[in-house]
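**Q** Build me a model from this:
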Amino acid sequence: MPPFPQADARSGQSDCGHHFLHTNVFLRHASGASGDAEEHIESILTRAAVAKRRVWISSMLFAELRPSMFVGGRFDTLHALTRYIRSLATLVTPDPNMMLRVARLRDAKWQRPVGPREAEEKPRTMSLSDAIQIASALWVKEAGGVADLKFLMFDDWSSSEAKGGGRLSLLRLQDYMDGARANSDVMAAVRLTRIQPLRQVRSLPQAAPAERESSAVS
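**A** Next up is the predicted model:
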């Protein structure tokens, strides 16, 4: 069986022009909260606007834009933000068949193999929001014929959630497929390339030779 796609921060280095953005990527970008990953996200969105590269986003993003929660920042008004989304991204709205896949993804029992599994660890379920976005990305990949699609997301999963029935990490789906290899929807989700935005590595400035010599003398 071929290896599953890489799913970590480093795999975000690809310049592939086909990206599906998890809503948390777009919302953090809009609020200026994407930190060191800002440059990578900006480059993807700029290529979409200037070079006409395709970027897909689930239409459920609009359900996240509660007017009472909007804070001006990168965009002065909520209307400006929604207009920007419509002008830049191709929106994917789930149809009945896609929602049936969402239901199957949520019904799957995601669990780790016996070895690393804790004694009291329970199988996990995929959240409704994540399942809709996974199913939407799979629709773009399969029905849209975008074989090299990359699903870009922030993953806030922590090691402390490894115990018990914590939230399912989308980046680590391949770690939670014990006994589910016969499930075609689970396997499709695992094979979907999932990456985090690349965080910029900033090197520390080095002192000039004369400065280092001066410090050594003192």
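
**Q** The spatially most central residue of the chain - nearest residue in space that isn't next to it in sequence?
**A** In the chain, the residue lying closest to the centroid (CA atoms, centre = their mean) is M153, at 1.4 Å. Computed as CB to CB, 6 or more residues apart in numbering, the closest residue to M153 that is not its neighbour in sequence is H22, at 3.6 Å. Every C-beta, even on glycine, is put in place using the N, C-alpha and C of the backbone.

**Q** Now the one you found. Its backbone dihedrals?
**A** Per-residue torsions, H22: phi -60, psi 150 (degrees, to the nearest 10).

**Q** One more: S136?
**A** S136 has phi and psi values of phi -70, psi -40 when expressed as degrees, to the nearest 10.

**Q** Touching, N24 and F154? I think so.
**A** Yes: the pair N24 / F154 is scored as a contact, 4.9 Å apart, by CB atoms under 8 Å.

**Q** Quick one: distance of stretch 44-61 to the chain centre.
**A** Offset of stretch 44-61 from its chain centre (CA atoms, centre = their mean, to the nearest Å): 14 Å.

**Q** Give the buried residues for it.
**A** In terms of neighbour count (16 or more other CB atoms under 10 Å), stretch 44-61 has its buried residues at I44, L45, R47, A48, R53, R54, V55, W56, I57, S58, M60, L61.

**Q** try stretch 104-111
**A** Neighbour counts over stretch 104-111 (16+ other CB under 10 Å) mark L105, R106, A108, W110, Q111 as buried.

**Q** Test my guess that the residue nearest to M153 contacts I132.
**A** No: counting by CB under 8 Å, H22 does not reach I132; the two are 10.7 Å apart.

**Q** Let me know the pLDDT of P67.
**A** The model reports P67 with a pLDDT of 91.

**Q** At which residues are the strands of this structure located?
**A** For the chain, applying DSSP state E gives strands covering 19-21, 55-58, 90-92, 150-152, 193-195.

**Q** Kindly compare burial across those and name the winner.
**A** The highest mean neighbour count among the strands of the chain, using mean count of other CB atoms under 10 Å, belongs to strand 19-21: a mean of 29.

**Q** Now do it: distance to the chain's middle.
**A** 8 Å.

**Q** helices or strands up against it?
**A** Contacts defined by 3 or more CB pairs under 8 Å, 6 or more residues apart in numbering; DSSP states H and E place strand 19-21 against strand 55-58, helix 128-142, strand 150-152.

**Q** Can I get those in TSV including distance to Q174 and mean pLDDT?
**A** What follows is those, written out as TSV (distance: least, CB to CB, whole Å; pLDDT from 0 to 100):
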stretch	distance to Q174	mean pLDDT
strand 55-58	22	94
helix 128-142	13	96
strand 150-152	14	94
